[in-house]
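> With the input below, show me the fold.
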Amino acid sequence: MRVRYLPVTEGRRLHIDAFPNFSASGSVKGMKEKYYGKDALLVRCGSYIYCVWQKAKPSQYGMEIYYNRAH
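Okay, the predicted model is just below:
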C-alpha cells in the first residue's frame, strides 16, 4: 500500500485538514478495504494519513495534492 508524504507546512498551506483522515499508526490496508476503497489516494502529513481522493468522491484538488505536491 503506497502512501505519499507531504510536509506539515505544505499541508497547512493547502488545507489538507479538510480531507478525511486517520492516525498514521492505523492500518492503511484496513482503512482502504473498509472505508476508502482500493483506488483511494492517501497522503501522510504529520501524524495523520489523509484520503485526498476516492472513486466515490472524486476531487480534482485532491488529485493535485497527490500528484503535484506529495512525494
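
> At which residues are the helices of the protein located?
Here the chain has its helices, by DSSP state H, at 8-14, 28-31, 60-64.

> need those helices in JSON lines with mean pLDDT, can you?
Below are those laid out as JSON lines (pLDDT from 0 to 100):
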{"stretch": "helix 8-14", "mean pLDDT": "94"}
{"stretch": "helix 28-31", "mean pLDDT": "95"}
{"stretch": "helix 60-64", "mean pLDDT": "80"}
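
> Kindly reformat the ones you listed as CSV containing mean neighbour count and distance to Ala40.
No exception for glycine: its C-beta is placed from N, CA and C like everyone else's. Listed next are these as CSV, based on neighbours: other C-beta atoms under 10 Å; distance: least, C-beta to C-beta, whole Å:
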stretch, mean neighbour count, distance to Ala40
helix 8-14, 14, 17
helix 28-31, 14, 8
helix 60-64, 14, 10
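
> Which of those sits closest to His71?
The closest of the helices of the chain to His71 is helix 8-14. By C-beta to C-beta, the value is 10.1 Å.

> circling back: please produce TSV containing the helices of the chain, extended by distance to Gly46.
As requested, the helices of the chain are arranged in TSV below (distance: least, C-beta to C-beta, whole Å):
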stretch	distance to Gly46
helix 8-14	5
helix 28-31	16
helix 60-64	17
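
> nearest to Cys45, of the ones you listed?
Short answer: helix 8-14, nearest of those by C-beta to C-beta, at 3.7 Å.

> where does this protein have low pLDDT?
Scanning the chain for pLDDT under 70 picks out 1.

> Quick one: residues in contact with stretch 54-65.
Residues outside stretch 54-65 that contact it (C-beta atoms under 8 Å, 6 or more residues apart in numbering) are Leu6, Leu14, Ile16, Phe19, Tyr36, Gly37, Asp39, Ala40, Leu41, Val43, Val52, Trp53.

> still on that earlier bit, tell me which of the helices of the chain lies nearest to Arg2.
helix 28-31 (8.8 Å).

> Show me what that closest one is packed up against.
With contacts defined as 3 or more C-beta pairs under 8 Å, 6 or more residues apart in numbering; DSSP states H and E, the packing partners of helix 28-31 are strand 48-53.

> Understood, closing this out.
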